[in-house]
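J.: Next comes the sequence, and after it the predicted model I'd like to discuss.
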Amino acid sequence: MNGIESVWVDVIINKKKILIGGIYRPPDSNNNHWLLLEESIDRAFNQTCDNIIVAGDFNINVLNSNSNKMSRLITSYNAEQLISTPTHFTENSSSLIDLIFVKEVQHVITSFVADPFIPNLTRFHCPVVVVLKLKKPKVTAYRRKIWLYDQGNYADYKTNLSSVNWQALLDNNNLDTAADLITSSILDAASKSIPNKVVTIRPNDIPWFNNNIRKHYAEKKIDTIKKQKLKTTNLIGLNLGKLETK
């Protein structure tokens, strides 16, 4: 939104959508800026999502009174402001102007004011922190291309790149199409001159559990299964032999 310093990001975890906003309100902002801030927050709280988290430096000291316009704005959306101790310090004062407010407070484990990043300053802000209660997403194996850069033929790579008509790609009227064509041309030239392969990435694997160890582990497992089957077969044969002798 023009006229206001804000960033909104959708985060999806385990099919749960969380809208996170970061806002800065200058201390000398006028009423028009405040109306833009209200509009930005209003748009967020009218979206369909599982939770909304808004954080930022609003330059309104909410310690002074619960009737200030920032506190009234938060209350109007049935949100809860989590920070309760000063976050901004000067030579002679302290104030609570760095806020975090949420739509669904039951998802919050804790929130607090942390130590400043840079010590021994006269005027400073402290970072504010919120910890959410979220289930760890299940990470599955996936395939990706890796490049063996140390084995690349970079003379060929330069030749392949120089053979591309870059001007024709740049003359495309659609910026997205031009970007896709340029990316495709670079990757195509790289594929012809730099060895590459597709590997399976298993995020839950231990780092040292590489393909060589995985192969030996699989062979060992198969050998164990074969021995168990052989042992079972021998026991069955032995029992059948005892029955025949009777």
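T.: Alright, I've got the coordinates. Numbering: from 1, shown residues only.
J.: quick one: low-confidence parts of this protein?
T.: Where the chain drops to pLDDT under 70, the residues are 1, 66-67, 233-246.
J.: which residue ranges form the helices in it?
T.: For the chain, helices defined by DSSP state H occupy the ranges 31-45, 69-76, 154-162, 166-170, 175-193, 211-245.
J.: which residues touch Ile109?
T.: If a contact means CB atoms under 8 Å, 6 or more residues apart in numbering, then Ile109 has 131-133 as its contacts. Heads up, the C-betas are built off the backbone N, CA and C, glycines and all.
J.: Tell me the one of those nearest Asn78?
T.: Asn78 lies nearest to Leu132 out of these, by CB to CB, at 18.4 Å.
J.: Spatially nearest residue to that closest one, not counting backbone neighbours?
T.: Closest residue in space to Leu132, ignoring its immediate chain neighbours: His107 at 5.5 Å, by CB to CB, 6 or more residues apart in numbering.
J.: And for that neighbour, the neighbour number?
T.: Close neighbours of His107, defined as other CB atoms under 10 Å, add up to 16.
J.: is it true that it touches Val131?
T.: No: at 10.1 Å, His107 does not count as touching Val131 under the criterion of CB atoms under 8 Å.
J.: The residue nearest to Glu80 when sequence neighbours are not counted: how many residues sit nearby?
T.: Leaving aside its sequence neighbours, Glu80 sits nearest to Val105 (CB to CB, 6+ apart; 4.5 Å). Burial measure for Val105: 14 neighbouring residues, criterion other CB under 10 Å.
J.: and if you look at Lys103?
T.: Residues lying near Lys103 (other CB under 10 Å) number 19.
J.: For the spatially closest residue to it that is not a sequence neighbour, give the beta-bridge partners.
T.: Take Lys103 and drop its neighbours on the chain: the residue closest to it by CB to CB, 6+ apart is Ile52, 4.1 Å away. Beta-bridge partners for Ile52, by DSSP bridges, are Leu19.
J.: if we can go back for a sec, in CSV: the helices of the chain, plus distance to Ile118 and mean neighbour count.
T.: Output for the helices of the chain, formatted as CSV (distance: least, CB to CB, whole Å; neighbours: other CB atoms under 10 Å):
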stretch, distance to Ile118, mean neighbour count
helix 31-45, 28, 15
helix 69-76, 26, 15
helix 154-162, 43, 13
helix 166-170, 44, 11
helix 175-193, 39, 13
helix 211-245, 45, 10
